[in-house]
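Visitor: Model the following, please.
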Amino acid sequence: MIADTETLAVARHAAGRAIPDWVADFFEAYLARDAGWLERILHDDIDWLLAGPADQFDHYGRRRDKESVIELITKIIPCYYYPTGFVFEHLIVEGDAAAGQVAAHGRLRARQRDTGRSLNFRFANFLRFESGKLVSFRGIPDTFDAVEQMVGHAVDVTRAIKTLSAFPGDLVADAEALHPRAPD
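Guide: Numbers count the residues shown, from 1 in each chain. The predicted structure follows:
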């Protein structure tokens, strides 16, 4: 599914400055979810890591080859949401497509698949290019905010915490109080 041209134009500028084509091409291919375009951009042995609770959402975690990253972008992520745009607040580019590094910070805009709800959460991405190919990607989304938006309500993280004494003799008593033995 190709994103609209207005959304694709967002990835061409950051803070009023043009983004180099080799950087913008990756973000546009990501938004477009175009397997052929991604095939041309990604290195065969790309090392991809999207930090987050992979045990709850399978689009988080590590991938180590082009095919699994293309599947992630074109099939797995769209099971949760459709990325529609990147808003770059900070973008640092060093080098060029032959040997370049990129640090990007901003917001990802998306539409939740099941509800159509608009999602908008922060990210930090670190990319490394060699010989015109993306060889390394590290994505750090604000997963707490993203999860709250995906589930549609605030996640309650408050809980009663019982403090245990730091003295060994008291630890045994505290442990027995926490886990009483069943009567024989």
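Visitor: and residue 107, what does it touch?
Guide: Contacts for residue 107 were tallied using CB atoms under 8 Å, 6 or more residues apart in numbering; they are 86, 87, 89, 120, 121, 122, 123. In short, each C-beta sits where N, CA and C put it, glycine included.
Visitor: Could you measure from the closest residue to it other than its chain neighbours over to residue 33?
Guide: Spatial nearest neighbour of residue 107, chain neighbours left out: residue 87 (4.5 Å); criterion: CB to CB, 6 or more residues apart in numbering. Using CB to CB, to the nearest Å, residue 87 is found at 19 Å from residue 33.
Visitor: hang on, the earlier thing: help me confirm that the residue nearest to residue 107 comes into contact with residue 105.
Guide: No - using CB atoms under 8 Å, residue 87 is not in contact with residue 105; the gap is 10.1 Å.
Visitor: quick revisit: quick one, which of residue 87 and residue 33 is more surrounded?
Guide: residue 33 (19 against 14; other CB atoms under 10 Å).
Visitor: Tell me, how many residues neighbour the closest residue to the more buried one other than its chain neighbours?
Guide: Using CB to CB, 6+ apart and skipping the chain neighbours, the partner closest in space to residue 33 is residue 74 (4.8 Å). The number of residues packed near residue 74 is 16, by other CB under 10 Å.
Visitor: Same question for residue 20.
Guide: Residues near residue 20, counting by other CB under 10 Å, number 16.
Visitor: Same question for residue 130.
Guide: Here the count is done by other CB under 10 Å, and residue 130 has 14 residues near it.
Visitor: ok, what's across the strand from it?
Guide: Beta-bridge pairing for residue 130 (DSSP bridges): residue 99, residue 133.
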